[in-house]
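# Here is my input; please provide its structure:
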Amino acid sequence: QGHVVESGGGVVKAGGSLRLSCLANGFTLDYAMGWFRQVAGKQREEVACTGDSESDDTADYAPSVRGRFTISKDVGKKTVYLQMNDLKPEDTAVYYCAVGCNTATAGLIVPWGQGTQVTVSA
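Numbering: from 1, shown residues only. Predicted coordinates:
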């Protein structure tokens, strides 16, 4: 069974940038791939999502990150990226990637990974 490996998190000051990576280990990117985030004690929420095939370059974003975050993919490297600019303290969370764009169904095709912590200081 395939799995995802997230990386790239860290501690950054408000206004800074980070780029997260998600390696699709054991499967292709011929699916919609989503980035999600979760704050302790709160529900996981969708952040960004790719189109639903390798050749589909469309993307969708949560209103709170639109214009600041960019999702992209490198099919050859089987990696999905999340470029995060102009970070805000409220972006602090554990970030996960998954197959699918809906929190109710993502993680069913390929299990959730460990996530990567993003901390934005004021």
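# Going by C-alpha atoms from here, please, whenever you check contacts or count neighbours.
Fine.
# and the residue of the chain most remote from its centre, what is it in contact with?
Largest separation from the mean C-alpha position in the chain: Ala122, at 22.4 Å (C-alpha atoms, centre = their mean). For Ala122, the contacting residues are Lys13, Ala14, Lys88, Pro89, by C-alpha atoms under 8 Å, 6 or more residues apart in numbering.
# Which positions are bridged to the first one in the beta structure?
Under DSSP bridges, the beta-bridge partners of Lys13 are Ser121.
# Looks like it contacts Asp91 (just checking).
No. Using C-alpha atoms under 8 Å, Lys13 makes no contact with Asp91, being 11.1 Å away.
# Identify the contacts common to those two.
Between them, Lys13 and Asp91 share the contacting residues Val120, judged by C-alpha under 8 Å, 6+ apart.
# Which of these two has more residues huddled nearby?
Asp91 (20 against 14; other C-alpha atoms under 10 Å).
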